[in-house]
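>>> Sequence and predicted model, in that order:
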Amino acid sequence: MKIYTKTGDKGETSLHGGERVPKDDLRIHAYGTVDELNSILGIASLKISSMELKEVIKGLQNELFIVGADLATPELKKGKKLIVDRVDDKLILKLEKIIDDFNSRLPELQNFILPGGSEGASFLHLARTVCRRAEREVVNLANNVDTGKKIIIYLNRLSDLLFVLARFENYSSNHPDIEWKK
């Protein structure tokens, strides 16, 4: 099987279900940014010290494929529902549980912190900012087409989790968070 298909040479791509759209379509922006986030998490996983965090990140990367597939699949095609895994309450609750677990093991946050600390934490902070951009792009998409509101909630929780994981990586690797100074 060849990697190149030449079907995108004129600036269009296919959504799941076959609909052709321009490569600058809002859906493409949204799931492209989710893909970018997934790649950054892959780098973060190489840079962090905690095996526990590596496992969490691997799980998040797998879930981001569900998010991407959900975004790439319109709800209906000619009146028929397309079958694809969708972001649901179960995925959101799972993130909340992980946030609560890791946050309970951290010292209470007393100040705003700057992105940074260890190399792994820095990549997790970068992932958080890309996640926020993905969230903004999905909000823009949802304002124009029906996407389901669960993806926005999922990305909002994921960015919170990435913040907590960055702090945990700093804490577990003995790199203090960098406090913001006026």
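Yes, it's here.

>>> Excluding its own residues, what touches stretch 142-155? List them.
For stretch 142-155, the surrounding residues in contact (CB atoms under 8 Å, 6 or more residues apart in numbering) are 26-27, 67, 70-71, 74-75, 86-89, 91-92, 95, 131-132, 134-135, 138-139, 141. All C-beta atoms are positioned from the backbone trio N, CA, C, and that covers glycine.

>>> And stretch 6-23, by the same measure?
When contacts are defined by CB under 8 Å, 6+ apart, stretch 6-23 is touched by residues Asp24, Arg27, Ile28, Ala69, Ala72, Thr73, Pro74, Lys77, Leu82, Val84.

>>> Now the nearest residue to Ala127 once chain neighbours are set aside: phi and psi?
Of all residues not flanking Ala127 in the chain, Ile40 sits nearest, at 4.5 Å (CB to CB, 6 or more residues apart in numbering). Ile40 adopts backbone torsions of phi -70, psi -40, taken as degrees, to the nearest 10.

>>> residues near Ile40, how many?
Number of residues near Ile40 (other CB atoms under 10 Å) recorded here: 19.

>>> now do the one 3 residues further on
As a burial measure, Ile43 scores 15 neighbours (other CB under 10 Å).

>>> for Ser104, same thing?
8.

>>> So it versus Ile98, what's the distance?
Distance, Ser104 to Ile98, using CB to CB, to the nearest Å: 11 Å.

>>> what do you get for Val138?
From Val138 across to Ile98, the span is 21 Å (CB to CB).
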